[in-house]
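Enquirer: pasted the sequence and its predicted model underneath.
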Amino acid sequence: MRALLVEDDEMIAASLRQGLAREGWSLDWAADGLSGERALADGAYACVLLDLGLPGQEGTALLRRARARGDRTPVVVLTARDGLDDRVAGLDLGADDYLPKPFALRELLARMRAVVRRHGGAAQPRIGTPQLQLDLATRELHLPDGRHEPLSAREFALMHALLERPGAVLSRAQLEQRLYGWDDEVNSNALDVLIYGLRRRLGADVIRNMRGLGWRVSAAAAAAPGAGPADAAPPSPGHGRD
């Protein structure tokens, strides 16, 4: 999944980027309020981590302007301003959660999962369909045949994007925007290789290619790994681009 951090402290940004990457998040970093506002307007983020004391434009102004234009991206405020009045003001402006500094990475990750869940209308820590579910806490995919498959960071990000709206077709551009951050080096066939590997493990019927449009998930029972079209040769550079 992809998140935006708006924070002027370079050490905090580097630490969060490293820690979140281990948990499947790609993190874009904006060091001031104006850059953060432009990034939020241009990007497709699952979550925003927002400091309040920013150069150029206060975090409260960024949040107010984003909500005024109808942007409902979940926002977790990260700030040293931990007084009651500050917390109330941030939440009233439209923040989804408020975490005072310093904080533990585990707690931040749990709060990020919670706001993303609520944004998607899910009360439970799973998304998907009754037959095919992604556990947001354990990063496991629960398959129709009873298997629980652990996913890598990139696999988790891909399945999260596809299972937020089961059956919806997502284009290559939409998936790449969700999976990769500004600093990620993305090969031309990286998405094809990722999907190929998942179909080999999960079954050919779990992720369906809609030719010329993109990909979607299927809630049908997964085929046995190694069967059907998923057994084709691995994609070569540029193979299968839509």
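Expert: Structure received.
Enquirer: tell me how many other residues surround the nearest residue in space to Ala46 that is not next to it in sequence.
Expert: What sits nearest to Ala46 in space, not counting adjacent residues and going by Cβ to Cβ, 6 or more residues apart in numbering, is Met1, at 4.4 Å. C-beta coordinates here come from the backbone N, C-alpha and C atoms, glycine included. For Met1, the neighbour count with other Cβ atoms under 10 Å is 24.
Enquirer: and the gap between Met1 and Val116?
Expert: Distance from Met1 to Val116, counting by Cβ to Cβ, to the nearest Å: 7 Å.
Enquirer: before we move on, the earlier item: if I read this right, the residue nearest to Ala46 contacts Leu27, doesn't it?
Expert: No: the pair Met1 / Leu27 is not scored as a contact, 9.8 Å apart, by Cβ atoms under 8 Å.
Enquirer: okay, and the common contacts of Met1 and Val116?
Expert: When contacts are counted by Cβ atoms under 8 Å, 6 or more residues apart in numbering, the set common to Met1 and Val116 consists of Ala46, Cys47.
Enquirer: same for the longest helix seen in the chain, what does it pack against?
Expert: What stands out as the longest helix in the chain, according to DSSP state H, is helix 105-119. If contacts are counted by 3 or more Cβ pairs under 8 Å, 6 or more residues apart in numbering; DSSP states H and E, helix 105-119 sits against helix 10-21, strand 47-50, strand 75-79, strand 97-100.
Enquirer: what residues does it touch?
Expert: By Cβ under 8 Å, 6+ apart, helix 105-119 touches 1, 3, 16, 19-20, 23, 25, 46-47, 49, 72-76, 78, 96-97, 99, 123-125, 127, 136-137.
Enquirer: of these, keep whichever come out buried.
Expert: For the contacts of helix 105-119, a burial check counting by 16 or more other Cβ atoms under 10 Å picks out 1, 3, 16, 20, 23, 25, 46-47, 49, 73-76, 78, 96-97, 99, 127, 136.
Enquirer: what about Ile127, which SS state?
Expert: Using DSSP: H, G, I helix; E, B strand; the rest coil, the secondary structure recorded for Ile127 is strand.
Enquirer: surely it and Leu136 touch.
Expert: Yes: between Ile127 and Leu136 there is a contact at 6.8 Å, judged by Cβ under 8 Å.
Enquirer: any shared contact partners between those two?
Expert: Arg117, His160.
Enquirer: give me the neighbour count for the nearest residue to Pro100 once chain neighbours are set aside.
Expert: Excluding its sequence neighbours, the residue lying closest to Pro100 (Cβ to Cβ, 6+ apart) is Asp82, at 3.5 Å. Per other Cβ under 10 Å, the neighbour tally for Asp82 reads 11.
Enquirer: how about Thr129?
Expert: Thr129, neighbours per other Cβ under 10 Å, totals 13.
Enquirer: the chain: strands as residue ranges?
Expert: Counting by DSSP state E, the segments of the chain that form strands are 2-6, 26-30, 47-50, 75-79, 97-100, 126-128, 133-135, 140-142, 148-150, 207-210, 214-217.
Enquirer: how about the third one as CSV, C-alpha atoms only?
Expert: So that's strand 47-50. Taking Å, rounded to 0.1, in the frame of the first residue of the first chain, the C-alpha atoms of strand 47-50 are listed here in CSV:
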residue,chain,number,x,y,z
CYS,A,47,-3.4,6.9,4.2
VAL,A,48,-1.7,10.3,5.1
LEU,A,49,0.6,10.8,8.0
LEU,A,50,0.5,14.5,8.8
